[in-house]
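make a model of this:
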Amino acid sequence: MIEGTDFYLNQEGFMVFTEAYHIKRGYCCKNKCKHCPWDYGKVLPEKPEDDRDQDKR
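The predicted structure follows:
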């Protein structure tokens, strides 16, 4: 592993894997990693309501 490419050390001294490392590994570990390219465990914003439904009132 290459520091700066595959991981970095955060302010607390923990090793944080980068998105590049996760992609090289090739699968999601389902640990809600900070840089997960598969967005596992991330809360996605809700879709805005369709404006066309408001016209039917």
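
which SSE is the nearest residue to Y8 once chain neighbours are set aside in?
Among residues not flanking Y8 along the chain, V16 sits closest, at 5.6 Å (Cβ to Cβ, 6 or more residues apart in numbering). Heads up, the C-betas are built off the backbone N, CA and C, glycines and all. Secondary structure assignment for V16, by DSSP states H and E: strand 15-17.

tell me the average confidence for that strand?
Strand 15-17 shows a mean pLDDT of 96.

about what we covered before: what sits against the residue nearest to Y8?
Going by Cβ atoms under 8 Å, 6 or more residues apart in numbering, V16 touches F7, Y8, L9, N10, K34, H35.

check the burial of the last one by counting its neighbours.
To tie it back to what came earlier, the one meant is H35. As a burial measure, H35 scores 14 neighbours (other Cβ atoms under 10 Å).

I figured it hits R25, correct?
No: between H35 and R25 there is no contact under Cβ atoms under 8 Å: 11.7 Å.

for the protein, which segments count as helices?
For the chain, the helices defined by DSSP state H cover 19-25, 51-55.

looking at those helices, which one has the lowest mean pLDDT?
Of all those, the minimum mean pLDDT falls on helix 51-55 (a mean of 57).

mind listing the strands for the protein?
Here the chain has its strands, by DSSP state E, at 7-9, 15-17.

how about these in TSV, adding distance to K47?
Below are those laid out as TSV (distance: least, Cβ to Cβ, whole Å):
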stretch	distance to K47
strand 7-9	33
strand 15-17	30
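
tell me which of those approaches G41 most closely.
In terms of Cβ to Cβ, the element of the strands of the chain nearest to G41 is strand 15-17, at 14.6 Å.

how close does A20 sit to E46?
Distance of A20 to E46, computed by Cβ to Cβ, to the nearest Å: 30 Å.

correction: W38
Going from W38 to E46 by Cβ to Cβ gives 20 Å.
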